[in-house]
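>>> all I have is the shape, not the residue letters:
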């Protein structure tokens, strides 16, 4: 089966932004203009395609990323609409890992908001080329220039305006294209089309000035263009667009577009920009991986003729068809009923059905090619982050890393009938969501579920009831504290000796423990010289240390930010074993924790509260009463103030209700995990005693 679209006509993109910047509305307009829908859906009415989950429609927010495919001017656009709420950051993380380009939407009134920064940094991490779309240009207080300057100042980006808006706020009717120097004006809100006209006389000087800036910025990235520009030669539109495309793909420039998705203005031009400037799979470097046998680096070119390589980036439990695995194919091709090799697990899998997803609707396909994003039914052993490849040419692609959960609640079934269903539901939800963890408290025997925030766990609890028919009780939220040490333990000499009737156990290790950098986890250094501990036992020592770090000595919370150096020890040629050295490593580490003056650490959240100015004093008072550290304030358009603060997560429970009440429902806040910080002695005693 041959390709319908050549690889250079593929665009794998995501729409990313802060919550309520208009991602889903923009996606709806894209579907309408590309002929995928014949009626424009509304977030408020719950009729959008990509917010298909019942809870998404009720809450008016995106919870899970949804994949759709559409055609625009002979190009295939595989598009993923991602959530904006920080509790669902994993959905953004995994989407960016497999996408080639992104459209970052901004609210023209608010500009760069906290979650805008988070998704921008995530895109930086994966090197994803972007174009910006300043949405909601028709709102009171909208400012294109202000939003662009915030992108430059706050995100450290190099934005370049490629359009000039015509009209302000409710009088926003169109844009001037700085490439062609033509005005595009929309006559109505259906967005069926726009008229091309001459530039309005009052904008002529501004357009000339901004076009010079555009040409200059593009010329800075291209030597041939720069010499032409400096010599005063005319640079054609085609040359400018070609040079800008290269600059976008190299992440040197971010073009900025504007519009109003709700009023259907500017989205067609945004689609043109996706086709013109965002990369095809051929424009990105070949995918890098590791040969599981030789551990050497290998790469795969984007081609159907190369051996198969693909990454499972999302698992979905579909109530009708079972377990779906979303795959991004980097090389080769797969067919229905083919056998593939999961190199991450070392197991062979059989492809049941191959599906092209359209939000929650499915279309069976016979074959998927390099560059495609497809869903597969029938995989038994494959999970998020696993690599599927050819068994003859194995490769392991870089896994996807996810943040650790910061909040836990106890959960228990209401009836004995719910008991079995609960374990099945929790298992399936944990398979889907890598930031959702399930474990049993060894002291109380309670089942604990952990996630990224109150909303995250609330959404999952509702899903359990609706999708799995599980009635469960939820306890009070618990914070995921950590333990660490505050002083070095320079020489920790530990011998594990056990003599029984037959072969005994002997292991001798000498460790050094040091407080680590924030966020460094457990760092193990092998500093053994002269073979005093045989090489085959050193990994057993590390395993013992890491196992002991799962529960600290103060209150049983996981241990983090500790550097461990193994620098001496001894062994016995008969009595030494993996088990003996594992035990020695574990016991030595626990002893080191006790000597290292252990402390509790708590998650601290970066909080931004946006309120009308008259409530500012009250909000700052709330922050102070919640052990918050106010970092600063910023005046926003429309007479609102943005208060930025660092607040411990344990103090943020119930804050939404308090803020709503204090500001008559006009205040909003966002928060995201920032770092772990030491807990005061007094509070530490309360936490340990369970008060």
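Happy to help now that I have it. In this text the structure is predicted, and so the values were computed from the model without any measurement. Residues are numbered from 1 along each chain as shown.
>>> for the residue lying closest to residue 536 once chain neighbours are set aside, give its distance to residue 532.
With sequence-adjacent residues excluded and distances taken as Cβ to Cβ, 6 or more residues apart in numbering, residue 536 is closest to residue 578, at 7.6 Å. (C-beta placed from N, C-alpha, C; glycine too.) Taking Cβ to Cβ, to the nearest Å as the measure, residue 578 falls 17 Å from residue 532.
>>> ditto for residue 6
Taking Cβ to Cβ, one finds residue 6 at 61 Å from residue 532.
>>> same check, this time on residue 306
Distance from residue 306 to residue 532, by Cβ to Cβ: 47 Å.
>>> please apply the same query to residue 140.
74 Å.
>>> who has more neighbours out of the two?
The residue with more neighbours, out of residue 140 and residue 532, is residue 532; 14 against 10, by other Cβ atoms under 10 Å.
>>> mind jotting down where the strands sit in the stretch 451-600 of the chain?
For the stretch 451-600 of the chain, the strands defined by DSSP state E, counting those that start in this stretch cover 472-479, 482-485, 489-498, 505-515, 522-526, 562-570, 598-612.
>>> reformat the ones you listed as TSV; add distance to residue 351, mean pLDDT and mean neighbour count.
As requested, the strands of the stretch 451-600 of the chain are exported to TSV (distance: least, Cβ to Cβ, whole Å; pLDDT from 0 to 100; neighbours: other Cβ atoms under 10 Å):
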stretch	distance to residue 351	mean pLDDT	mean neighbour count
strand 472-479	35	78	15
strand 482-485	41	90	23
strand 489-498	49	87	15
strand 505-515	47	90	22
strand 522-526	39	90	16
strand 562-570	44	90	20
strand 598-612	41	88	21
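>>> look up the residues forming beta bridges with residue 448.
residue 410, residue 439 (DSSP bridges).
>>> once you drop chain neighbours, what's closest to residue 538?
In space, residue 538 is closest to residue 526, 5.3 Å off (Cβ to Cβ, 6+ apart).
>>> residue 493: what's it in contact with?
508, 510 (Cβ atoms under 8 Å, 6 or more residues apart in numbering).
>>> same thing with residue 624?
Per Cβ under 8 Å, 6+ apart, neighbours of residue 624: residue 630.
>>> surely it forms part of a helix?
Yes - judged by DSSP: H, G, I helix; E, B strand; the rest coil, residue 624 forms part of a helix.
>>> isn't residue 630 up against residue 622?
No - at 10.4 Å, residue 630 does not count as touching residue 622 under the criterion of Cβ atoms under 8 Å.
>>> when the two are compared, which one has more neighbours?
residue 622 (23 against 16).
>>> contacting residues for the more buried one?
Residues in contact with residue 622 (Cβ under 8 Å, 6+ apart) are 628, 655, 658-659, 662.
>>> distance to residue 592 added to those residues, as JSON lines?
Shown next, in JSON lines, are these (distance: Cβ to Cβ, whole Å):
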{"residue": "628", "distance to residue 592": "34"}
{"residue": "655", "distance to residue 592": "38"}
{"residue": "658", "distance to residue 592": "42"}
{"residue": "659", "distance to residue 592": "43"}
{"residue": "662", "distance to residue 592": "47"}
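>>> those in strands, which ones?
If you go by DSSP state E, the contacts of residue 622 have nothing in strands.
>>> now a ChimeraX select for only the buried ones of these.
When burial is assessed using 16 or more other Cβ atoms under 10 Å, the buried subset of the contacts of residue 622 is captured in ChimeraX by this command:
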select :628,655,659,662
